[in-house]
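*Asks:* Provided below are the primary sequence and the corresponding predicted coordinates.
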Amino acid sequence: TEVFFGVTKLFMSEDSALRRMVYLFIKEMSSSCDPSDVIIVTSCLTKDMTCDVDLYRANALRVLSRIVDAAMLGNIERYVKQAIVDSSAQVSNAALVSASNLYGRNPECAGVIKRWVTETTEAMKSPDRMVQYNALHLMYQIKKHDRLGVSKLVTQIGQRKLKSPLANVLLVRYTAKLIHDEYADGRDKESSNLSKFAHEYLFSALLRHRSSLVKFDAARAICGLPSVE
């Protein structure tokens, strides 16, 4: 505890490299410290999350995702939602990845994050490719237990055409899973408009996309479809 509090005093430092080490230390040591001690540094991290330095904002978001519970997340929700749609790709990516990690790790936090659909949808329109990728991943996490929600996501994003190759790889995989689910329910591309669109998207990704990464994943998905013998 004494060492932990000693390190937190370095929040006053203007040295960016030293500050990054402070964030790393808190993130790694938070699980072995007294929860009441960890909560005290939340105010410092929240202050950094709203400062003008993108590096500090991004790192503060990553650390907070390790130490907050659902109640604390509710208190800083407004700042995280603002960070998701921030003009800085560094901050936006940090917020999206932190939200994704929290969603998978804490069911109570997942209930809070499900309210961030509007911000996540906006982030998918970002010109930054990694922001597109992380936003799509988070959106799928939110909607993956809702078949209708996933089908709308795949249809809308498939028509819009994302620039990020990695985001398109995710979309190919989500589309392939949707086809498998349709076949499991007895609906093929002849009887289901959704399945027909999904097939067309996969073949379009295979034949027309510029990225070999997307083409490879589309080919692999097509070879694994129930309709391919």
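*Replies:* Noted; the coordinates are in hand.
*Asks:* Please count neighbours and contacts with C-alpha atoms only from this point.
*Replies:* OK.
*Asks:* which residues touch the helix or strand harbouring residue 74?
*Replies:* Using DSSP states H and E, residue 74 falls within helix 70-84. The contact list for helix 70-84, computed with C-alpha atoms under 8 Å, 6 or more residues apart in numbering, reads 46, 49-50, 61, 91-93, 95-96, 108-109, 112, 116, 119-120, 123.
*Asks:* C-terminal to it, what's the next element?
*Replies:* With DSSP H and E, the next secondary element past helix 70-84 is helix 89-105.
*Asks:* What lies in contact with the helix or strand that comes right after that next one?
*Replies:* Counting by DSSP H and E, the element after helix 89-105 in chain order, helix or strand, is helix 107-113. Outside helix 107-113, the residues within contact range by C-alpha under 8 Å, 6+ apart are 69-70, 73-74, 99, 102-104, 142.
*Asks:* Apply 6 Å and report the result again.
*Replies:* Contact with helix 107-113 is made by 70, 103, as judged by C-alpha atoms under 6 Å, 6 or more residues apart in numbering.
*Asks:* Check stretch 216-229 too.
*Replies:* So stretch 216-229 is contacted by 202, 206 (C-alpha under 6 Å, 6+ apart).
*Asks:* how far out from the middle of the chain is that stretch?
*Replies:* Relative to its chain's centre, stretch 216-229 lies at 26 Å (C-alpha atoms, centre = their mean, to the nearest Å).
*Asks:* Pull out the buried positions in that stretch.
*Replies:* Neighbour counts over stretch 216-229 (16 or more other C-alpha atoms under 10 Å) mark 217-219, 221-222 as buried.
*Asks:* Equivalent analysis for stretch 111-130, please.
*Replies:* 112-114, 116-117, 119-121, 123-126, 128-130.
*Asks:* what mean pLDDT would you report for the longest helix along the chain?
*Replies:* With DSSP state H setting the assignment, residue counts place helix 165-184 as the longest helix in the chain. Taken as a whole, helix 165-184 has an average pLDDT of 88.
*Asks:* And stretch 148-160, by the same measure?
*Replies:* pLDDT averaged over stretch 148-160 gives 86.
*Asks:* Extract the C-alpha trace of that stretch and format it as CSV.
*Replies:* Only the C-alpha atoms of stretch 148-160 are listed here, as CSV (Å, rounded to 0.1, in the frame of the first residue of the first chain):
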residue,chain,number,x,y,z
LEU,A,148,-32.3,-9.6,-35.5
GLY,A,149,-29.8,-7.1,-34.3
VAL,A,150,-26.8,-9.0,-35.8
SER,A,151,-28.6,-9.4,-39.1
LYS,A,152,-29.3,-5.6,-39.3
LEU,A,153,-25.7,-4.9,-38.4
VAL,A,154,-24.3,-7.2,-41.1
THR,A,155,-26.8,-5.9,-43.7
GLN,A,156,-26.1,-2.2,-43.0
ILE,A,157,-22.4,-2.4,-42.7
GLY,A,158,-22.1,-4.8,-45.7
GLN,A,159,-23.9,-2.2,-47.8
ARG,A,160,-21.8,0.7,-46.5
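*Asks:* for the protein, what helix or strand is lowest in average pLDDT?
*Replies:* Lowest on mean pLDDT, DSSP states H and E among the helices and strands of the chain sits helix 35-40, with a mean of 67.
*Asks:* which parts of the helix or strand where residue 20 lies are buried?
*Replies:* Assigned by DSSP H and E, residue 20 belongs to helix 16-29. Across helix 16-29, burial judged by 16+ other C-alpha under 10 Å covers 19, 22-24, 26-27.
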